[in-house]
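J.: Provide a 3D model corresponding to the input given below.
(chains A and B)
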Amino acid sequence: MSLATTKTSKIDRLAELTAKKETSSGASLWREAFRRLRGSKMAIIGAVVIAAFVVVAIVGPWLAPYSPTAQTWRGEVLANQGEFVGARGENWFGLDHLGRDMFSRMLVGARQTLLVGVVSMLIGLVLGALVGAVSGAAATLGGRAGQRLDDVVMRVTDIMLALPSLLLAVSIAAVLGQSLTTVMIAVGVVQIPIFARLLRGSMLAQGGKDYVLAARSLGIRKRRIVLTQIMPNSLSPVIVQATLSLATAIIEAAALSYLGLGNPDPAIPEWGVMLSQAQRFFDNAPMMSMYPAVAIIITALGFTLLGEAMREALDPKLRG
Amino acid sequence: MAGRTRIRIPYHPYHPYSYNTRKKGARGVLRLVVRRLLQLIPTLLGLSVLLFLWLNRLPGGPASAILGERATEAEVARINRALGLDQPLHVQYGRFLKRIVELDLGTSTQTGQPVWDEFVLRFPATVELSLAAILIAVAVGIPLGYLAARRRGGWLDVAAVSGSLVGICIPVFFLALILKGVFAVNLGLFPTFGRLTTGVDATSVTGFAVLDGVLTGEFDASWDAVMHLVLPALALSSIPLAVIVRMTRASVLEVLGEDYVRTAESKGLERRTVRGRHILRNALLPVVTAVGLLTGSLLSGAVLTESVFSFGGIGSFIRTAIDARDYPVLVGFIMFIAMVYVLINLLVDLAYSVIDPRVRVH
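T.: Numbering: from 1, shown residues only, chains lettered A, B, ... in the order given. Just a heads-up that it's a prediction; the model follows:
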């Protein structure tokens, strides 16, 4: 190895080091995370899947070749139980047990599924973040009384977490009756303690940082420190969790449908309900379950991939 | 800044570092146990309030559940008086609480048996299933996660990571249906439902079908029970397996970067020693916590898996209780499950103090 190359490589290394210093400065955390996100294969696949899902959810009803409720009563539909589903000419995905076009129902159903996922995630996120923020703020800057409040709030979330999520959802659904709104509320409520704990924990971790101490010694008001300093720095795990919980919400909603607590209205197709109805015919017509199930899995996978990629991009341990 | 630096570990109910178990040795552990058992009380009290309010908010109420839809008002009033439902709320709650403490939770509207008896009858099945699922998840997940981390970027790693992502995204009941459809119905390798084949002569001693067979020497019954367990346990293990693989992998990767691992390797220690003492011992700590926290999702999954395979545990009973609006069973079972969940996490904390040298107990 000649002297010249070692020298240039040293300079390169130096440039690398200085460049690193610049990008990892606090101000560009989000920008850097975004840059890393763009470079991640997982994130791109996830984003493409989600984008496709959202497009189908929006334009699906116009693309559907048939009405999702129109029943084609063909001879063979009932004559041979095993044959009501199968790709044949005009019905791409075949017909379901009531002679309705599966392909159209899948397209139309995407919207309901997206709605269930987004609404229940928002219920969990908004209420959970509210609880978590109050608790976290009280614990970090509220003094002794604040810590007591935090203790009480965390006890309550403990109680909620001590229940298997499905049972909690079932209990809620039992009170509210059988409908799509019920499913959304039940799935959303289950997420509240998770979001609350996450934001609180993240705020507590931030509360001990030097910049908070600096802000306090400057005499900045506590409310302002919480809102402008601690909160913005604590939000990233919550955003990651929100993406991930879209996936769990869709899966949990399907599970609730399977337990017979889903949307009873057959006019509004939804993947989870379709899957739970189809499973009765699983032995004869497995494809009828397969379409909604695969759609649910792929969608959930999209959200999970993006969420995991975001988690990696935002992880301070992996930065630099 | 001068003075002592105080490291503050954020409070977490299941995190043993939140308690000082380190200095006091065995007494520290005892204190941890007592403290956690005491913490159980407010949790269960809160839960009982929630369940009580829930019972009160239910549409229809017990009177219409007992009498059916076409009950006259006089009949409803009579039932309500008999059940004490005309009393003020706090009085009703007091009685509700007293009954819970006495384990007298009423009778199942489906079978007419006391709720506690129903629970005791079915609990072993669910424990057996959950244990089998966790066993599969740990036995496969930890080695897989370790190998994936060691061969980062290799095909095994890619397969393990993508497999675990898919595993999380498959609805448990759908996986159960597929397994049942393929391996039980089509290939006929495994039974399709239940815990034992009807006609197999099995003596029940403990209620755990596999264990009973071994205890009584009826090994054919034991084997039959194992065959019945395979598919439901596989389905149920999907989520814990995925979580354990991912956690082990991430945790091992983190430990691999530590100086002490490099030191140990450069000292020329045997690979096995480094793996066991330096890598796994440190990397498995978060995994152990995760196993404890997975119990909740395991019980949720059990409701779904058991009902697909009509397994006869608390899961499938809850499923039928939902359909039949069997509220005494739902309330009682939810209460018991929450208790079991908290107790399991206590055990996990204790296991933690055994494997973590920093909270070593003498």
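J.: for the rest of this, base every contact and every neighbour count on C-alpha atoms.
T.: OK.
J.: excluding its backbone neighbours, what's nearest residue 110?
T.: Let's take chain A. Using Cα to Cα, 6 or more residues apart in numbering or on different chains and skipping the chain neighbours, the partner closest in space to residue A:110 is residue A:57 (4.7 Å).
J.: if you could check chain B rather than the one you did, that'd help
T.: Distance criterion Cα to Cα, 6+ apart; nearest residue to residue B:110, sequence neighbours excluded, is residue B:326 at 6.7 Å.
J.: tell me the pLDDT of the one you found.
T.: pLDDT, residue B:326: 76.
J.: so it sits right up against residue B:113, yeah?
T.: No: at 11.8 Å, residue B:326 does not count as touching residue B:113 under the criterion of Cα atoms under 8 Å.
J.: hang on, the earlier thing: so what's the residue nearest to residue B:110 up against?
T.: B:108-110 (Cα atoms under 8 Å, 6 or more residues apart in numbering or on different chains).
J.: now residue B:104
T.: Contacts for residue B:104 were tallied using Cα under 8 Å, 6+ apart; they are B:114-116.
J.: among those, which one has the most neighbours?
T.: Each of these was scored by neighbour count (other Cα atoms under 10 Å in any protein chain shown); the top score is that of residue B:115, with 23 neighbours.
J.: which non-adjacent residue is nearest that one?
T.: Nearest-residue entry for residue B:115: residue B:107, 5.2 Å, with adjacent residues in sequence omitted and distances by Cα to Cα, 6+ apart.
J.: near chain B, which residues of chain A?
T.: Neighbours of chain B within chain A, by Cα under 8 Å from any Cα of the partner chain: A:155-156, A:158-159, A:162-167, A:170-171, A:174-175, A:177, A:201, A:204-205, A:247-248, A:251-252, A:254-255, A:258-260, A:279, A:282-283, A:293, A:297-298, A:300-301, A:304-305.
J.: generate a ChimeraX selection restricted to the buried subset of these.
T.: Written as a ChimeraX command, the selection of buried residues from the residues of chain A next to chain B, which uses 16 or more other Cα atoms under 10 Å in any protein chain shown, is:
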select /A:155,156,158,159,162,163,164,165,166,167,170,171,174,175,177,201,204,205,247,248,251,252,254,255,258,259,260,279,282,283,293,297,298,300,301,304,305
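J.: in helices, which of the residues of chain A next to chain B appear?
T.: Secondary structure defined by DSSP state H assigns A:155-156, A:158-159, A:165-167, A:170-171, A:174-175, A:201, A:204-205, A:247-248, A:251-252, A:254-255, A:258, A:293, A:297-298, A:300-301, A:304-305 of the residues of chain A next to chain B to helices.
J.: buried residues in the longest helix anywhere in chain A?
T.: For chain A, the helix with the greatest residue count under DSSP H is helix A:102-141. Residues of helix A:102-141 classed as buried by neighbour count (16+ other Cα under 10 Å): A:102-125, A:127-141.
J.: kindly report the same for stretch B:214-234.
T.: Residues B:218-219, B:221-234 are the ones in stretch B:214-234 that count as buried (16+ other Cα under 10 Å).
J.: spatially central residue for the chain, please.
T.: By default, I'm working from chain A. The centre of chain A sits closest to residue A:246, judged by Cα atoms, centre = their mean, with a distance of 2.1 Å.
J.: chain B was what I was after
T.: Taking Cα atoms, centre = their mean as the criterion, residue B:295 is the residue nearest the geometric centre of chain B, at 2.7 Å.
J.: what's the closest non-adjacent residue to that residue?
T.: Spatial nearest neighbour of residue B:295, chain neighbours left out: residue B:341 (6.6 Å); criterion: Cα to Cα, 6+ apart.
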